[in-house]
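Asks: The sequence and its predicted three-dimensional model are supplied below.
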Amino acid sequence: MAAEKDTKAFPAAASTRVPFALALSALAGCADAIGFLEFSQLFMSFMSGNTTRLGAAVSLGEWGNVTRVGSTIALFCFGAFLGTLLAAAVGYWRLAVLLGLQALLLCVGLVMPRGPFEFPLHAYPIVLALGMQNAVLQDEEGRSLALTYVTGAVVRFGTGLANLLLGHPSPSFWIQAPLWAALTVGAITGGLLHGAFGERAFLVPAVVAAVLAVIALVMTLVHGDGPLVSGTKSPAPDAAATAPPVV
């Protein structure tokens, strides 16, 4: 319990944070694979891949594709921005609120007009939802957990192995490999779901997000601002080390 009181993680209790992180990482992998297959190889959450595609499109003078990919990157960034502000505003209701909004946005994409090639309107709600997802959880050092991409997880796992040999691994080292595995399994599942159901496959990650939101809501109603659903010294995600707690 003492460790939970000193951590900047959100939620403070690893018994909540880790299962939610793995479930959300799998959800992101699933949604990203569905979107990649449905929207002509446009990534929903892997902005490193989209950035490479943006650079290639600029070099080739494919300005329609530049607009398509660039707007996706901008919207994902806005999702992280919006999610962080909401996380700071709603306090220990963060899990229930952000996951509920994510479930709603994943469904909204199914009823949005497709839009022109340059502006894939039907993809935007999914991208926004996955951008917001990165503000849901924080590790022991107050950093947002990378739930929608694995480059950071792979890097932290590699550097963590080195620090393990040096005798001082980061507390967040142990979750990096499971996060990668969860996203990979989610991506495989998303590909299979898209093959069977097409764009309607987005309903599966939407339902998962809704179930997690209900679980979070019940836990919040039962435990309030306790460490199972809240942080004890959590600043806003990725805030400066000197930032005050927001919950």
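Replies: Perfect, thanks for sending it. Just so you know, these numbers come straight off a predicted model, no measurement behind them.
Asks: so who does Gly79 touch?
Replies: Neighbour list for Gly79: 127-134 [criterion: C-beta atoms under 8 Å, 6 or more residues apart in numbering]. Yep, even glycine has a C-beta here, placed from its N, CA and C like the rest.
Asks: so of those residues, which ones are in helices?
Replies: Members of the contacts of Gly79 lying in helices (criterion: DSSP state H): 127-133.
Asks: Tabulate those (JSON lines), appending distance to Leu85.
Replies: Listed next are the ones in helices among the contacts of Gly79 as JSON lines, based on distance: C-beta to C-beta, whole Å:
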{"residue": "Val127", "distance to Leu85": "18"}
{"residue": "Leu128", "distance to Leu85": "13"}
{"residue": "Ala129", "distance to Leu85": "15"}
{"residue": "Leu130", "distance to Leu85": "17"}
{"residue": "Gly131", "distance to Leu85": "12"}
{"residue": "Met132", "distance to Leu85": "10"}
{"residue": "Gln133", "distance to Leu85": "14"}
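Asks: of all those, which comes closest to Pro244?
Replies: Met132 (22.8 Å; C-beta to C-beta).
Asks: what's around the closest residue to that closest one other than its chain neighbours, how many residues?
Replies: Of all residues not flanking Met132 in the chain, Gly83 sits nearest, at 3.5 Å (C-beta to C-beta, 6 or more residues apart in numbering). Neighbourhood size, Gly83 [other C-beta atoms under 10 Å]: 26.
Asks: Then Gly190?
Replies: So Gly190, with other C-beta under 10 Å, has 28 neighbours.
Asks: Could I get the contacting residues of it?
Replies: 29-34, 37, 201, 204-205.
Asks: In strands only, show me those residues.
Replies: Among the contacts of Gly190, none falls in strands (DSSP state E).
Asks: can you put those residues in JSON lines and add distance to His223 and neighbour count?
Replies: Formatted as JSON lines, these follow (distance: C-beta to C-beta, whole Å; neighbours: other C-beta atoms under 10 Å):
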{"residue": "Gly29", "distance to His223": "29", "neighbour count": "30"}
{"residue": "Cys30", "distance to His223": "28", "neighbour count": "26"}
{"residue": "Ala31", "distance to His223": "29", "neighbour count": "31"}
{"residue": "Asp32", "distance to His223": "32", "neighbour count": "26"}
{"residue": "Ala33", "distance to His223": "34", "neighbour count": "27"}
{"residue": "Ile34", "distance to His223": "33", "neighbour count": "31"}
{"residue": "Leu37", "distance to His223": "39", "neighbour count": "18"}
{"residue": "Ala201", "distance to His223": "34", "neighbour count": "25"}
{"residue": "Val204", "distance to His223": "28", "neighbour count": "20"}
{"residue": "Pro205", "distance to His223": "26", "neighbour count": "31"}
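Asks: Give me the subset of the residues you listed that lies in helices.
Replies: 29-34, 37, 204-205.
Asks: With distance to Val58 and pLDDT as added columns, please give these in CSV.
Replies: CSV is the format used below for the ones in helices among the contacts of Gly190 (distance: C-beta to C-beta, whole Å; pLDDT from 0 to 100):
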residue, distance to Val58, pLDDT
Gly29, 28, 96
Cys30, 30, 97
Ala31, 27, 96
Asp32, 23, 96
Ala33, 26, 97
Ile34, 27, 97
Leu37, 25, 96
Val204, 35, 97
Pro205, 31, 96
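Asks: SS state for Thr189?
Replies: helix (DSSP: H, G, I helix; E, B strand; the rest coil).
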